[in-house]
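> Next come a sequence and a model predicted from it.
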Amino acid sequence: MSKTQSHFVCQQCGRVSAGYMGRCPQCGEFNSMVEEVIATEPQAGKGAARGLSGRSTASRLNDVSGDAEERIPVPIGEFARVLGGGIVPGSIVLVGGDPGIGKSTLMLQMALEMAGRQRVLYVSGEESERQIKMRALRLVGAGGKISLADDLFLVTETNLDTIFEHVQETHPQLLIVDSIQTVYMPALESAAGSVSQVRESASRLREFAKTSGVSVFIIGHVTKEGVIAGPRVLEHIVDTVLYLEGDRFQAYRLLRSVKNRFGATAEVGVFEMSERGLVEVTNPSEAFLSERMINTAGSAIAVTMEGTRPLLVEIQGLTSPTQFGNARRTPNGVDINRVLMIAAVLTRRMNLRLAEQDIFVNVVSGLKVDEPAADLAIAAAVASSMKDVPVKADTVLIGEIGLAGELRMPGQMPVRLREAAKLGFKTAVVPKRLRKGELWPGGIEIIEACSLYQALEAALILDKPLPKGRKVA
């Protein structure tokens, strides 16, 4: 009988230690060391042969076929956009997101859509076949566009060896595992969801995908910090990492790609949660502005870029006299450091007395705006609330603000202006062009401003001129 021994593995970073530590010295997490039992003798001869191929041989680079892999089309357009145009055969994709955000619903919808084109095996370690069938009937009955195909197979299993036996029986072209934290390998003594189990299970699924050409989708849990649970190496194993983001109390969901070996990582897909599951939002800008109040102080429209897609979002600002010694700056959907910088520029360059004002900035519909092109809209919303005058309803504001109060040009300006004109906006306040020969798209009036002062004078509906601070010519 072979002797066994144990070691302690950090569940956050994967560090191995001979003894227990209250705080991991590598990642700094407390109480993350978990004891795992290991065998002293290797498990030789057990399980399937490891490796990406049965026998590896070296090949000249010129002898390797350079033809582009034909992608498998996905009927869900927003999902295909984030993947880079479709599913690459033999790829492995990791989908993460907060609990209850809609990961399983999205993958079941994709399985229902793809079942008429390919044979799909949906493996669940968290729900029974009956529960999945009930959810599928709800999606099919409410939507009316999806039918239950005979090529969709369901199985509830967490043993990875048994999962591969089901794969050998059904011969799927698409495999979905929900979720990777529930899958375990019997050869390992550690519990399911541990670092060793997650890493080894993902490695076995990757080897299966590369050798068989079957596309594999795995769902991953997310920790309280918002990252996929398990070792960081899990994201290195897979080809694509997708995050489904959004507030559970909001209707909209954003599907982002943070890693993609077969496409761009800047694309985003927009969905709306409804009784039919996740419904594609083909025109997000129109949806985000549908409930906007016209000619209201503290509201401005910004044009932000999500990959190659321009989005028009409403940014709200509110100023209120502080009741405490220090004024608060409360952002929602924007970086607090940007809000602090814009408030300082408005105070110093525009002579707006914001030192005794609490400032609240909100991006409508639960979106998050990170790019500096929204600086001008944030400043206009705050100044509009402070002066209690509205921003012109048919005007969009695009531009980055410098510390001297100057405006700087963001990228992809023609694309932003075309999107604003398509949605019916008549005027755009933008930074002054550096290249005189650059052409703006038609259908929208362009107001070029060198400074924040000029931009606010053009955008706000004023009864009297703004107080002049240190203007930038």
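Good, I have the coordinates.
> What strand or helix carries the closest residue to Ser299 other than its chain neighbours?
Using Cβ to Cβ, 6 or more residues apart in numbering and skipping the chain neighbours, the partner closest in space to Ser299 is Gln316 (5.4 Å). For the C-beta atoms, the positions are set from N, CA and C on the backbone; glycine is no exception. Assigned by DSSP states H and E, Gln316 falls within strand 309-321.
> still on that earlier bit, from Ile301, how far out is the residue nearest to Ser299?
Separation of Gln316 from Ile301 (Cβ to Cβ, to the nearest Å) stands at 11 Å.
> What residues of the longest helix belonging to the chain count as buried?
Taking DSSP state H as the criterion, the chain has its longest helix at helix 195-212. Neighbour-count burial for helix 195-212, with 16 or more other Cβ atoms under 10 Å as criterion, is recorded at 195-202, 204-210, 212.
> where does stretch 176-185 sit relative to the chain's centre, distance-wise?
Mean-position distance between stretch 176-185 and its chain equals 22 Å (Cα atoms, centre = their mean, to the nearest Å).
> Pull the residues that contact that stretch.
Residues from elsewhere that reach stretch 176-185 (Cβ atoms under 8 Å, 6 or more residues apart in numbering): 47, 94, 103-104, 107, 110-111, 120-127, 158-161, 163, 191-193, 197-198, 200-202, 204-205, 216-221, 229-230, 234.
> Gln316 and Ile301 - which one has more neighbours?
Ile301 (28 against 23; other Cβ atoms under 10 Å).
> what bridges to the residue nearest to the more buried one when sequence neighbours are not counted?
Of all residues not flanking Ile301 in the chain, Val396 sits nearest, at 4.6 Å (Cβ to Cβ, 6+ apart). Beta-bridge pairing for Val396 (DSSP bridges): Ala428.
> again, but for the one 5 residues further on
Here Ile401 shows beta-bridge partners Leu407, assigned using DSSP bridges.
> I am assuming it contacts Ile342, so please confirm or correct that.
Yes - in this structure Ile401 lies within contact range of Ile342 using Cβ atoms under 8 Å: 6.2 Å.
> returning to that earlier point: the helix or strand that the longest helix of the chain is followed by vs helix 195-212, what angle?
Next helix or strand after helix 195-212 toward the C-terminus (DSSP H and E): strand 215-220. Relative orientation of strand 215-220 versus helix 195-212 (axes from the mean of the first three to the mean of the last three Cα atoms, to 10 degrees): 160 degrees.
> oh, and call the first residue 787 from now on, that's how I've got it
In the new numbering, first residue 787, that becomes strand 1001-1006.
> who does strand 1001-1006 pair up with?
Checking strand 1001-1006 against DSSP bridges gives partners strand 878-883 (parallel), strand 960-964 (parallel).
> The lowest-mean-pLDDT helix or strand in the chain pairs with which strands, parallel or anti?
Lowest mean confidence among the helices and strands of the chain (mean pLDDT, DSSP states H and E): strand 819-825, at a mean of 74. Its sheet considered, strand 819-825 pairs with strand 790-796 (antiparallel) by DSSP bridges.
> Downstream of the strand it pairs with, the next helix or strand is which one?
Sequence-wise, the next helix or strand downstream of strand 790-796 (DSSP H and E) is strand 802-803.
> sorry, back to before: let me know how buried the residue nearest to Ile1087 is, in neighbour terms.
27.
> The one 10 residues further on too?
Here the count is done by other Cβ under 10 Å, and Glu1192 has 20 residues near it.
> For the stretch 887-1036 of the chain, which segments count as strands?
Along the stretch 887-1036 of the chain, counting by DSSP state E, counting those that start in this stretch, strands occupy 906-910, 938-942, 960-964, 1001-1006, 1026-1031.
> got those as CSV, with distance to Leu1248 columns?
Listed next are these as CSV, based on distance: least, Cβ to Cβ, whole Å:
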stretch, distance to Leu1248
strand 906-910, 60
strand 938-942, 61
strand 960-964, 56
strand 1001-1006, 52
strand 1026-1031, 38
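> Relative to Pro1251, which of these is closest?
Closest to Pro1251 of the strands of the stretch 887-1036 of the chain, according to Cβ to Cβ: strand 1026-1031, at 42.5 Å.
> quick one, that closest one and strand 1001-1006 angle?
40 degrees.
> Show me what the residue nearest the centre of the chain bridges to in the sheet.
Taking Cα atoms, centre = their mean, the centroid of the chain lies closest to Arg1042, which sits 3.0 Å from it. Beta bridges link Arg1042 to Tyr1029, Val1054, judged by DSSP bridges.
> Next, the contact list for it, please.
Arg1042 neighbours (Cβ under 8 Å, 6+ apart): 868, 1028-1029, 1031, 1053-1054.
> Which pLDDT does the model give it?
Listed pLDDT for Arg1042 reads 88.
> ok, it to Ala922 distance?
Distance from Arg1042 to Ala922, by Cβ to Cβ: 26 Å.
> Between the strands of the stretch 887-1036 of the chain, which one is closest to Val820.
In terms of Cβ to Cβ, the element of the strands of the stretch 887-1036 of the chain nearest to Val820 is strand 1001-1006, at 18.2 Å.
> Just give the closest residue to Met1172, not the sequence neighbours.
The shortest distance from Met1172 to any non-neighbouring residue, by Cβ to Cβ, 6+ apart, is to Thr1105 (4.7 Å).
> Quick check, that neighbour in contact with Ser1170.
No - between Thr1105 and Ser1170 there is no contact under Cβ under 8 Å: 9.4 Å.
> what do the two both touch?
Common neighbours of Thr1105 and Ser1170, using Cβ under 8 Å, 6+ apart, are Gly1084.
> what's the helix or strand just after the least confident helix or strand of the chain in contact with?
On the C-terminal side of strand 819-825, the closest following helix or strand by DSSP H and E is helix 863-869. Outside of helix 863-869, the residues within contact range by Cβ under 8 Å, 6+ apart are 859-860, 872, 879, 892, 896, 1026, 1028, 1041-1043, 1046, 1048-1049, 1053-1057, 1066-1068.
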